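Colleague: sequence unavailable; structure follows:
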DNA sequence: AGCAGAGCCTATGCTTATTAGGCAATCAAC
DNA sequence: GTTGATTGCCTAATAAGCATAGGCTCTGCT
């Protein structure tokens, strides 16, 4: 039918990502993608290994984009200011690119996750953002994990309409950032606290 | 082939939930479930509407179970103690029942979500747990959202092996709870942005 | 007996994933 | 500039899954 459409791994990945943003990551399909390019389903298999491979590539692409946005946003900022723009950028990306965001949070084969520059960078940027709070390990890692958890959990719940209360979600988000900021400033050091036993 | 196997919506839902815990919610299939009971695929459709219906029922079942566990755990406790056992119970359920937990966090049709006693109860229990911290609206709702976000985000990231650092995940979890507790105690009231404390 | 309903079944049609093998245009090299 | 490989897309075919329609067979009630 269609000859020389110009299929490419990258074109497929980008189109797949767009499709995922529109219909949901779990609903993207080799067939739909092929239809989009006007080629037969089987034609895609010279470029991608299978659907999982496609999703993985979308995840890597999206993580890269998100890292890039965050990086640009926090450049030259530190402390609370950095925290606020990091959070804002993160949430905005998740809400405007639901399919891509879901892909980023998808379980990946360890090798792939380790290879993905975007995934690594998001974590690195989280550490970098906390620099001004002067935390030291293991508190630093604990703090990064708390931040990532809260950010991810919030936007996830928001995405599935998990917040039923009429209270403005945007306002709750700002409060959450505020509270996290105070926690970081006042981080309870491991030495002086109860609960340092690891069972 | 098989006559009178004794199919039931409940039996199907429970079996589906178990299957989801084993292979992942997204991979449960009408065929697999039918195979499990030794009946034809079509036979299930007198009991469930379709796969989405099945998944929804699993979500409602799981939410109910989770609510029940949490309810039992925080009964008679308050303040930090309640927070700690709530968190522990929540995480434990998520990690031991990954498929069920994913189902609970699945986007549901609004009517279903409103009807689901388990889903409602989980939120209610979150509010109840915070009673001792004496927060008032809208701070209370903001706090509940922060807690839910952090809990959900943490176990989600843990599930997808999102924490690469060698630092013990269990330890980070305990720290997160500790920090949340301090935040709740020291919640910055809306009126007085800069960290007013009221104990 | 006779009828209704429950609980399964077979048959069928559609969509999707994936593999195998083919053909045509392009490009490198003799 | 013909050859030969490579690229890029095709058709065909298999397998699995979702879903609907319609039928058979108990069981229990009247």
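Modeller: Received the coordinates, thanks. Values in this document were obtained by computation on a predicted structure and should not be read as measured data.

Colleague: now do the buried residues in the lengthiest helix in chain A.
Modeller: Ranked by residue count and defined by DSSP state H, the top helix of chain A is helix A:51-74. Using 16 or more other CB atoms under 10 Å in any protein chain shown as the test for burial, helix A:51-74 gives A:54-67, A:69-71, A:73-74. Heads up, the C-betas are built off the backbone N, CA and C, glycines and all.

Colleague: ok, residues contacting the helix or strand that it is followed by?
Modeller: Note on helix A:51-74: by DSSP states H and E, the next helix or strand toward the C-terminus is helix A:79-96. Residues outside helix A:79-96 that contact it (CB atoms under 8 Å, 6 or more residues apart in numbering or on different chains): A:65-66, A:69-70, A:73-74, A:77, A:100-101, A:125-126, A:129, A:132-133, A:151, A:154-155, A:158-159, A:173, A:177, A:180-181, A:184.

Colleague: what's the answer for stretch A:36-46, then?
Modeller: A:1, A:2, A:5, A:7, A:11, A:12, A:15, A:19, A:30, A:31, A:33, A:34.

Colleague: contacts only, for residue A:135.
Modeller: A:143, A:184, A:187.

Colleague: pLDDT below threshold where in chain A?
Modeller: A:1-3, A:190-199 (pLDDT under 70).

Colleague: so which of the contacts of residue A:135 sit within strands?
Modeller: Taking DSSP state E, every one of these sits outside strands.

Colleague: show me which of those residues is closest to residue B:163.
Modeller: residue A:143 (12.9 Å; CB to CB).

Colleague: for the closest one, grab the count of nearby residues.
Modeller: 23 (other CB atoms under 10 Å in any protein chain shown).

Colleague: distance between the ends of stretch A:129-144?
Modeller: Length of stretch A:129-144, first residue to last, CA to CA, to the nearest Å: 9 Å.

Colleague: which parts of it are buried?
Modeller: Those would be A:129, A:130, A:132, A:133, A:135, A:138, A:139, A:140, A:141, A:142, A:143, A:144, for stretch A:129-144 by 16+ other CB under 10 Å.

Colleague: could I get these in a markdown table, plus columns for distance to DNA strand D and secondary structure?
Modeller: As requested, these are exported to a markdown table (distance: CB to the nearest atom of the strand, whole Å; DSSP: H, G, I helix; E, B strand; the rest coil):
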| residue | distance to DNA strand D | secondary structure |
| --- | --- | --- |
| A:129 | 41 | helix |
| A:130 | 44 | coil |
| A:132 | 49 | helix |
| A:133 | 48 | helix |
| A:135 | 47 | coil |
| A:138 | 44 | coil |
| A:139 | 46 | helix |
| A:140 | 45 | helix |
| A:141 | 40 | helix |
| A:142 | 41 | helix |
| A:143 | 42 | helix |
| A:144 | 39 | helix |
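
Colleague: and the two most separated of these?
Modeller: A:132 and A:138 (18.7 Å).

Colleague: from the contacts of stretch A:36-46, which is closest to residue B:48?
Modeller: Among these, and counting by CB to CB, the member closest to residue B:48 is residue A:31, at 25.6 Å.

Colleague: the host helix or strand of the closest one close to DNA strand C?
Modeller: Under the criterion of DSSP H and E, residue A:31 resides in helix A:30-37. Yes. Contact of helix A:30-37 with DNA strand C (CB under 7 Å from any atom of the strand) involves A:30, A:31, A:32.

Colleague: can I get these in a markdown table including neighbour count and distance to residue A:92?
Modeller: Shown next, in a markdown table, are these (neighbours: other CB atoms under 10 Å in any protein chain shown; distance: CB to CB, whole Å):
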| residue | neighbour count | distance to residue A:92 |
| --- | --- | --- |
| A:30 | 18 | 30 |
| A:31 | 12 | 32 |
| A:32 | 14 | 27 |
